[in-house]
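**Q** got a sequence here, can you model it:
(2 chains)
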Amino acid sequence: MKHANYFKSFSLITIWIWLFLFALLPFALMLIASVLSHDENTIVRLPFTFSNYTELNRLLYIHIFWRSLVIATIATTLCLLLGYPFAFLIARLQSKWKNFLILLIIIPFWTSSLIRSYALIALIKTKGVINAVFLALGLIHQPFLLLFTNTAVMIGLVYNLLPFMILPIMTNVERLDNRLIDAARDLGANQLTIFRKIIIPLTMPGIIAGCILVFLPAMTIFYIPDILGGAKSILIGNVIQNQFLIAQNWPFGSAISAVLTLLLATFILIYRFVSRGNKKEEWL
Amino acid sequence: MSNTVLNNHTTKNVVELCGVYQSINGHDILYDINLEVREGEFLTLLGPSGCGKTTLLRLISGFEEPTRGTIFIDQKNVRGLPPHHRHVNTVFQSYALFPHMNVFNNIAFGLRCQHVSTTEIKTRVADVLKMVKLEKLAERKPDQLSGGQQQRVAIARAAVNRPRVLLLDEPLSSLDYRLRKTMQIELKQLQRRLGITFIFVTHDQEEALSMSDRVVVMQEGVIEQIGTPRQVYEDPSSLPVATFIGEVNIFPGVVTNLLDSKQLAINYLDKVRVTKSNRTFSVGQEVNVIIRPEDVRVWNQHEVSANETEEMFAGTVEEVTYKGTTVDLIVRLSNKQSVAATEFFDEDDERLEYKIGEQVWVSWTSGWEVILPHETR
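**A** Sure, this is the predicted structure:
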């Protein structure tokens, strides 16, 4: 009993130290940096100022924020539409192939996603594999212009983030009690009703986890718009990266990050508020 | 054939199974099942786990289709009819309540699927909630309920649809002993109040005996016996039934003489004893003599006189288990056969102190034995 308590406190303290050092402290540093000034010679310096935030209130940045939101939302929706049926089928599969299929989802993780994104170029460029195949089949007469378009960015995002949608939903569907579906059938529910009233609500935690895991990186991942979108497709992640690595303007980069964090936190809070309000669920 | 045959019965059969077989991957799960379930009765399918009783339930509910044979519900052949088109509802083993819905919505689920009007749903759910005494818990989620309350929600959820038959798959098995006893009584009362036919599955013979109008004893996919609790307990039709329902002592013997149509003499435990049986036997036939422990009386040396011991068996007490209302004994007879005996505390027999190793006399009333033909199992 005593040993168990030591282990418990040890684990908890480790987690707290970890969170403090690697989550809270960097975040605090970022917040502090976001209200400091900047010049050519020093990365950050006094005096404190809010000019970094006021600078953000320009049409250009609002536009980029909006575009990033739209693209991340579309990417998340696509991942959900593609990933849910896939996750559902794999989770319900009673076959020796199941583990192999799960392995297929995980294998891409063994290669850096940066390299995989470069590999995508070879597929979608004007003289790439996809165009070559489509031309050879006579389906198109002129090659697609995919690379360096928003479509290319979307393909890259969905391709990279789909496993993050599939895995949580799959775990959730696997835990789904078959007897609940039997019970619903027994009570006279047809397939559509079972799906809408039983399966979707019960897999909602997986859906939300998947959406968060896809949406957050989709907002901030900078190398995919860089590689596949070219200079045309600047998202909020690219702006932050530019401020830190190219313009060396850490305070401004920090300010953008802080606003982004605030925005995402607001979304999660809104979701929690809405889901609590929905407690009295209605039918049809 | 169904309609003409069924019309001959005085009581209507709600469910009828004719020559039903079920095999999965070439394994026979159920073998030539013939069963008639009467209107309004409490029927129990009793058998050890794996005997096919749950499969039988799933055949009636429509979750599985038999490989051969016909099932009639309300005189209608239900082959190919999916669960939601059969007028039966199931109470699942673990209740299978929808965890994301409160009690009201759980119970209303079936009615909503049938597009019953909102006002009617409200009154019907309220009625059934009252019946299971859960009016105050309508807003609770299943995980905020105790095991017994969940159980009642599960029954209410099925009963609100007014099914012709309610199928209950070991609904009490996950409750603790005390609650199970209470729920047994409640379930029985509920069945009378609802007036719905119950088909109840259990592996607990005590539960089966105390609750049912009729018991179907199953063993390895075969129906061994159908009868009232009293019939299956006092007059088991086969050795598996006798051994499954309650404790038994089994003594192999040989028929030595037939006295008349009811009485016969059997040589067992090195004695020839006369007993009664409704079955017909022939002289020289090998039989099993079955006697229940509670029918066995144990006497110590002082309680019996020498002339009384003629009909008794000498033995040594080998084990004593105190059970509160009874004392269970294992007595080793002189021919090494062991006999289980259950002695009740009563005023006539104030001395129920047995010591291990004590010399005792064992007896039972002639005619209380059940004689079954010898079968090799």
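
**Q** show me the helices in the stretch 51-200 of chain A, by range?
**A** Secondary structure of the stretch 51-200 of chain A (DSSP state H, counting those that start in this stretch): helices located at A:51-56, A:59-92, A:97-106, A:113-124, A:129-136, A:150-175, A:178-186, A:191-193, A:200-220.

**Q** can I get these in a markdown table with mean pLDDT, distance to chain B and mean neighbour count?
**A** In this view, the C-beta of every residue, glycine as well, is placed from N, C-alpha and C. Putting the helices of the stretch 51-200 of chain A into a markdown table (pLDDT from 0 to 100; distance: least, Cβ to the nearest Cβ, whole Å; neighbours: other Cβ atoms under 10 Å in any protein chain shown) gives the following:
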| stretch | mean pLDDT | distance to chain B | mean neighbour count |
| --- | --- | --- | --- |
| helix A:51-56 | 82 | 41 | 16 |
| helix A:59-92 | 90 | 16 | 17 |
| helix A:97-106 | 86 | 19 | 12 |
| helix A:113-124 | 84 | 35 | 15 |
| helix A:129-136 | 81 | 43 | 14 |
| helix A:150-175 | 89 | 11 | 22 |
| helix A:178-186 | 90 | 4 | 21 |
| helix A:191-193 | 89 | 6 | 13 |
| helix A:200-220 | 88 | 5 | 20 |
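
**Q** go through the strand or helix carrying B:Gly148 and flag the buried ones.
**A** Secondary structure assignment for B:Gly148, by DSSP states H and E: helix B:147-159. For helix B:147-159, the neighbour count (16 or more other Cβ atoms under 10 Å in any protein chain shown) marks B:Gly148, B:Gln149, B:Gln150, B:Gln151, B:Arg152, B:Val153, B:Ala154, B:Ile155, B:Ala156, B:Arg157, B:Ala158, B:Ala159 as buried.

**Q** what's the closest of those residues to A:Ala136?
**A** Taking Cβ to Cβ as the measure, A:Ala136 sits nearest to B:Arg157 out of the buried residues of helix B:147-159, at 59.9 Å.

**Q** residue contacts, residue 79?
**A** Looking at chain A here, since you left the chain open. By Cβ atoms under 8 Å, 6 or more residues apart in numbering or on different chains, A:Cys79 lies in contact with A:Val158, A:Leu161, A:Leu162, A:Phe164, A:Met165, A:Gly210, A:Val214.

**Q** you answered for a different chain; I wanted chain B.
**A** With contacts defined as Cβ under 8 Å, 6+ apart, B:Arg79 is in contact with B:Glu65, B:Thr70, B:Ile71.

**Q** and for B:Arg68?
**A** B:Arg68 neighbours (Cβ under 8 Å, 6+ apart): B:Gly19, B:Val20, B:Tyr21.

**Q** same deal with B:Leu167?
**A** Neighbours of B:Leu167 in contact, by Cβ under 8 Å, 6+ apart: B:Leu57, B:Ile60, B:Ser61, B:Val88, B:Asn89, B:Thr90, B:Val91, B:Ile199, B:Val201.

**Q** ChimeraX command to pick out the buried ones of those residues?
**A** With 16+ other Cβ under 10 Å as the criterion, this ChimeraX line picks the buried residues out of these:
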select /B:57,60,61,88,89,90,91,199,201
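
**Q** give me the element the residue nearest to the spatial centre of chain B is part of.
**A** Closest to where the C-alpha atoms of chain B average out (Cα atoms, centre = their mean) is B:Ala208, at 3.3 Å. In this structure, B:Ala208 sits in helix B:205-211 according to DSSP H and E.

**Q** so which bits of chain B are right by chain A?
**A** B:61, B:63, B:82-84, B:89-90, B:92-94, B:96-101, B:105, B:108-110, B:112-114, B:157-158, B:161 (Cβ under 8 Å from any Cβ of the partner chain).

**Q** ok, now which ones touch the residue of chain B positioned farthest from its centre?
**A** Distance from the C-alpha centroid of chain B peaks at B:Ala306, with 42.5 Å (Cα atoms, centre = their mean). By Cβ under 8 Å, 6+ apart, B:Ala306 lies in contact with nothing.

**Q** and B:Gln93, by the same measure?
**A** A:Arg179, B:Asp169, B:Glu170, B:Pro171, B:Ser173, B:Ser174.

**Q** now the helix or strand just after the helix holding B:Gly148, how far from the chain's geometric center?
**A** Going down the chain from helix B:147-159, the next helix or strand is strand B:165-169, by DSSP H and E. Between the centre of strand B:165-169 and the centre of its chain there are 15 Å (Cα atoms, centre = their mean, to the nearest Å).

**Q** next, the angle from strand B:165-169 to helix B:147-159.
**A** Put simply, strand B:165-169 runs at 150 degrees to helix B:147-159, going by axes from the mean of the first three to the mean of the last three Cα atoms, to 10 degrees.

**Q** please save the CA atoms from the next helix or strand after strand B:165-169 in CSV.
**A** Note on strand B:165-169: by DSSP H and E, the next helix or strand toward the C-terminus is helix B:177-194. What follows is helix B:177-194, C-alpha atoms only, in CSV (Å, rounded to 0.1, in the frame of the first residue of the first chain):
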residue,chain,number,x,y,z
TYR,B,177,-26.8,-13.0,-3.9
ARG,B,178,-29.1,-10.9,-1.8
LEU,B,179,-30.2,-8.6,-4.6
ARG,B,180,-30.7,-11.7,-6.9
LYS,B,181,-33.2,-13.1,-4.4
THR,B,182,-35.1,-9.8,-4.2
MET,B,183,-35.1,-9.5,-8.0
GLN,B,184,-36.3,-13.1,-8.4
ILE,B,185,-39.5,-12.2,-6.5
GLU,B,186,-39.9,-8.9,-8.2
LEU,B,187,-39.5,-10.4,-11.6
LYS,B,188,-42.1,-13.0,-10.9
GLN,B,189,-44.5,-10.3,-9.6
LEU,B,190,-43.8,-8.1,-12.6
GLN,B,191,-44.5,-11.0,-15.0
ARG,B,192,-47.9,-11.5,-13.4
ARG,B,193,-48.7,-7.7,-13.5
LEU,B,194,-47.6,-7.4,-17.1
